[in-house]
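Asker: coords below, sequence missing:
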């Protein structure tokens, strides 16, 4: 670098040149004017006569001077200094990016502490790298270092106030620290500075922040109410919570009992959560362990005492599990908070693996998992951990029927979440083998609770295609056999007897499982024995609780051309029975009945004639006036197919059928509108009187505009 009499002045001049060059590159007009003045000062030229070159990458001299005029040594030194600084900056960024890439790899591998170290090394090299701070903040979030995460985001925002990730992660850190207003402010800023692509995620965070703010407000309200004396039981509950979380075991047991009795309202559940009651297992568990060790240290002559204490310890843990179940029942905020406590969840899962404590632990886990909102809000790792524990319990040998039923209830609740369904695909064979074995055992024992639990797991599992295929292939034969056996029990059961009640419940549960297992193709159900069983159920009474599911299964069979042709051929006499069910004022029966009649009318001339017979036709006309559009739509479609027969059209002359269908054809509801238009066209073609009536009502133009496009 060129020498200079005043090094400090030279360096100041170099910094000024660097600032001006950056401004020129950024097309900053003020920087360009400053550069003009700077050049004029250096060359002794009036400011107005100095200019910047067109490409704005070189500071040129006066317009009147040639470009090759000698440049002062100071400017040459500045240029070299700027270039050297630029190269050093590039080298720093390259080295920092290497550290950043290493940190990203460690983060992806789940080693968050190593990732933090790598990002810290990168920041030491390049302190101005915004992404380094936001990445380190994310690693701190994973480690639950929420204050450090917030600090890193604050630094990133000071460097770049429009960085979306910095605002988002700052919001998450504040949320975890209970600073709900700050979190909401950060998310709102992220939405403001982000793009349209960012908004769905940001809106999700904003919604969660608002929910947590509401939850916090409810907790504050509950604490205030406890101290106000308005509700003495709230004050008693607070005392019980304090005793429950103490170190005195006898006092803890009494406090748990009192808390269970007092947790009878949402505000009391909120107080329980606000005062830390959800952590009771973290207190009771160590107490029980300490007492157990004291008992083990006693001499053999007092061997009976440790056994007695062990029983008391288990009772204490069981009471804590039961209290938590009451505290979380029907309270989404408490269920979410339960899943967010790793130590409490771990102790609960340990209890679930204990034969004595399993019913209590499973009841708690089922209660929390049933709160669907809380289940979908939990971390994927927690969801997988819950699944693994439930499957392990079910596959445990020599498990009691009661414990298996409880575990199935828990798993059925878990399988509401698609992450859980995906996770259990890897063990589907063992899992569903155990489920089917429990189905068979509980049916033989006429244990309705156990049977319902087994079929619930099958039904929920069928919401995932891979699991549905497994159930259809490996479990459906057993489901069908159980359904047929239930039908046999119903044949000989007395009305109102326990056997009839069980058989009806088993039939509904198994038919539901079969319906879900078959998906769009129910070819496996197209057997004479199965259809005869369905006909038997429909023939008993129109008020049978089995009827809605039977009609749904028949409709599933008739969804394909082969299926409906088979059903129409094997059971044409069913038409009258289905019509009788359609006349029942029960929507759960009328909807599948109307759909099934439309399917049969489309497939078979014989079925159309039975549906349109004078004795049955009034039911179809009544269905056309039903308030439910799916019922009226299917009734209109059924009538349209029946009107292929001109005799049916003739029999309908003099009724208000044309006016009714025309009203539907005017509505803006595609299926009902289109089906009504088809029925009107068929009526007009089948008999001149209907055509004249249609013209009289000025319906030709409406009909033409509403007909479905080919």
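Answerer: Done, it's in. This is a predicted model, so every value here is computed, not measured.
Asker: Do I have it right that residue 490 meets residue 502?
Answerer: No. With contact defined as Cβ atoms under 8 Å, residue 490 does not count as touching residue 502 (9.6 Å). C-betas here are computed from N, CA, C, even on glycine.
Asker: Which pLDDT value belongs to the residue most central in space within the chain?
Answerer: Nearest residue to the geometric centre of the chain (Cα atoms, centre = their mean): residue 376, 4.2 Å. We have a pLDDT of 71 for residue 376.
Asker: Same check on the one 5 residues further on?
Answerer: In this model, residue 381 is scored at 84, pLDDT.
Asker: count of residues packed around it?
Answerer: 9 (other Cβ atoms under 10 Å).
Asker: Just give the nearest non-adjacent residue to the residue nearest to the centre of the chain, would you?
Answerer: Closest residue to residue 376 in three dimensions, ignoring its sequence neighbours and counting by Cβ to Cβ, 6 or more residues apart in numbering: residue 417, at 5.8 Å.
Asker: Who are the contact partners of residue 147?
Answerer: By Cβ atoms under 8 Å, 6 or more residues apart in numbering, the contact list for residue 147 reads 173, 177.
Asker: Give me the distance between the helix or strand it falls within and the centre of its chain.
Answerer: If you go by DSSP states H and E, residue 147 is part of helix 146-159. In terms of Cα atoms, centre = their mean, to the nearest Å, the centre of helix 146-159 is found 30 Å from the chain centre.
Asker: cool, stretch 142-159 as well?
Answerer: 29 Å.
Asker: From the contact counts, what lies against the lengthiest helix in the chain?
Answerer: Ranked by residue count, the top helix of the chain under DSSP state H comes out as helix 73-108. Counting contacts by 3 or more Cβ pairs under 8 Å, 6 or more residues apart in numbering; DSSP states H and E, helix 73-108 is packed against helix 7-25, helix 112-125, helix 130-142.
Asker: Can you add distance to residue 154, mean neighbour count and mean pLDDT and give the ones you listed back as a markdown table?
Answerer: What follows is the helices and strands packed on helix 73-108, written out as a markdown table (distance: least, Cβ to Cβ, whole Å; neighbours: other Cβ atoms under 10 Å; pLDDT from 0 to 100):
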| stretch | distance to residue 154 | mean neighbour count | mean pLDDT |
| --- | --- | --- | --- |
| helix 7-25 | 25 | 15 | 68 |
| helix 112-125 | 14 | 20 | 94 |
| helix 130-142 | 9 | 24 | 95 |
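Asker: want to try JSON lines for those helices, with distance to residue 85 as columns?
Answerer: Below are the helices and strands packed on helix 73-108 laid out as JSON lines (distance: least, Cβ to Cβ, whole Å):
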{"stretch": "helix 7-25", "distance to residue 85": "7"}
{"stretch": "helix 112-125", "distance to residue 85": "15"}
{"stretch": "helix 130-142", "distance to residue 85": "20"}
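Asker: Tell me which of those helices lies nearest to residue 516.
Answerer: Set against residue 516 and scored by Cβ to Cβ, the helices and strands packed on helix 73-108 come closest in helix 130-142, at 37.8 Å.
Asker: Return the list of helices and strands in contact with that closest one.
Answerer: For helix 130-142, the packing partners by 3+ Cβ pairs under 8 Å, 6+ apart come out as helix 73-108, helix 112-125, helix 146-159, helix 164-176.
Asker: Make CSV from those and add distance to residue 340 to it.
Answerer: Listed next are the helices and strands packed on helix 130-142 as CSV, based on distance: least, Cβ to Cβ, whole Å:
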stretch, distance to residue 340
helix 73-108, 22
helix 112-125, 18
helix 146-159, 13
helix 164-176, 9
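Asker: which of these sits most buried?
Answerer: Of the helices and strands packed on helix 130-142, the one with the most neighbours on average (mean count of other Cβ atoms under 10 Å) is helix 164-176, at a mean of 24.
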